[in-house]
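Q: Give me coordinates for this.
(2 chains)
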Amino acid sequence: DAGVTQSPTHLIKTRGQQVTLRCSPKSGHDTVSWYQQALGQGPQFIFQYYEEEERQRGNFPDRFSGHQFPNYSSELNVNALLLGDSALYLCASRRDLTDTQYFGPGTRLTVL
Amino acid sequence: SQELEQSPQSLIVQEGKNLTINCTSSKTLYGLYWYKQKYGEGLIFLMMLQKGGEEKSHEKITAKLDEKKQQSSLHITASQPSHAGIYLCGADITGANSKLTFGKGITLSVRP
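A: I've put the predicted structure just below:
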C-alpha cells in the first residue's frame, strides 16, 4: 500500500517564477492538506482540499493556490515566487475528518 | 507567541537513558498528534491522543494527554540511536478536526 507521494523531490526556481508541486494521497484517502515548513520551524497550514473544493485556508496570500482532481490527487501552485517561499512543502492526506493525517516526504523548494 | 510550545528545544541523551519531552497548548486541545521527522524529510506519524488522561504506547515510546493542563508528554524508554530526530506535536485547536497547528519541534540526539 503506497503512502503519500510527492513530486518533485527538489526544485530550484528564481524570484518571480511560478511553481507547481504535486501530491498523490494514500490509498483510500480523499482529503489533502498542504503545509509549508521553513527551516527550524514546524509546518504551517496552507489549505485543505476535499471533493475538489478548497475547504479551509491558512494565513497565506493568494499567490498560493491549489487544485484537487477527481482521483483525489492535488497540486499546489505558487506564483511570483519570493525568496521567503523557500521551504519544505508537505502534503498530508486523510480519510475525510475521521482519520489521522499522513504526510508525504515533501518537496524542497529553493528560490534564488 | 506560539500556540503550541514544545520543550526542551533540543535534547542530547546517552544511549539507554530515558527521556521525556513536552508539548503545551495555549488553547483547548481537540486532538493531539505526535510526529517524528528526520532532517529535511516528511513526518512519520507516531501517535494520536484525543481524550483527557489518554495514554498510548508503541514499542518504547509512550504518549500521554493531560486535558486540564492542555499538555502532552512523550516518554522514550531506553533510548537508542534510531530514536534520534525531530519530534513535532501537532494539534487540532479549532475543533473542526481539519487543520493541524504545530510546535517548532524538539531535536533529539542520542549518543552511542
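
Q: So what's the residue count around residue B:60?
A: Burial of residue B:60 is recorded as 14 neighbouring residues (other Cβ atoms under 10 Å in any protein chain shown). The C-beta positions use only the backbone N, C-alpha and C, and glycine is treated the same way.

Q: what does the model give the nearest residue to it once chain neighbours are set aside for pLDDT?
A: Leaving aside its chain neighbours, residue B:60 sits nearest to residue B:77 (4.6 Å; criterion: Cβ to Cβ, 6 or more residues apart in numbering or on different chains). Note for residue B:77: predicted pLDDT of 97.

Q: for residue B:77, what are its contacts?
A: B:18, B:60, B:61, B:62 (Cβ atoms under 8 Å, 6 or more residues apart in numbering or on different chains).

Q: Which single residue of chain A ends up nearest chain B?
A: At 3.2 Å from chain B, residue A:42 is the closest residue in chain A, using Cβ to the nearest Cβ.

Q: would you say that residue is within a helix?
A: No - assigned with DSSP: H, G, I helix; E, B strand; the rest coil, residue A:42 falls outside any helix and is coil.

Q: isn't it right next to residue B:4, touching?
A: Yes - at 7.5 Å, residue A:42 and residue B:4 qualify as touching, with contact defined as Cβ atoms under 8 Å.

Q: tell me the mean pLDDT for whatever helix or strand residue A:33 lives in?
A: Using DSSP states H and E, residue A:33 maps to strand A:31-37. Across strand A:31-37, pLDDT averages out at 97.

Q: Tell me the helices and strands packed up against it.
A: Applying 3 or more Cβ pairs under 8 Å, 6 or more residues apart in numbering or on different chains; DSSP states H and E, one finds that strand A:31-37 makes contact with strand A:44-50, strand A:74-78, strand A:87-94.

Q: what does the shortest one contact?
A: Applying Cβ under 8 Å, 6+ apart, the external contacts of strand A:74-78 come out as A:18-23, A:25, A:32, A:34, A:46, A:49, A:63-69, A:85, A:89, A:91, A:109.

Q: follow-up on the earlier one: tell me the most buried of the helices and strands packed on strand A:31-37?
A: Highest mean neighbour count of the helices and strands packed on strand A:31-37: strand A:87-94, a mean of 25 (counted as mean count of other Cβ atoms under 10 Å in any protein chain shown).

Q: Restrict that strand to CA atoms and write it as PDB.
A: What follows is strand A:87-94, C-alpha atoms only, in PDB (Å, rounded to 0.1, in the frame of the first residue of the first chain):
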ATOM      1  CA  ALA A  87      10.800  25.900   2.300                       C
ATOM      2  CA  LEU A  88       9.900  22.200   2.600                       C
ATOM      3  CA  TYR A  89       6.300  21.800   1.200                       C
ATOM      4  CA  LEU A  90       4.500  18.900   2.800                       C
ATOM      5  CA  CYS A  91       1.300  17.200   1.600                       C
ATOM      6  CA  ALA A  92      -0.900  15.300   4.000                       C
ATOM      7  CA  SER A  93      -3.800  13.100   3.300                       C
ATOM      8  CA  ARG A  94      -6.600  11.600   5.400                       C
END
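
Q: Give me the helices and strands touching the next helix or strand after it, please.
A: Next in sequence after strand A:87-94, counting helices and strands by DSSP H and E, comes strand A:102-103. Where contact means 3+ Cβ pairs under 8 Å, 6+ apart, strand A:102-103 is packed against strand A:87-94, strand B:43-49.
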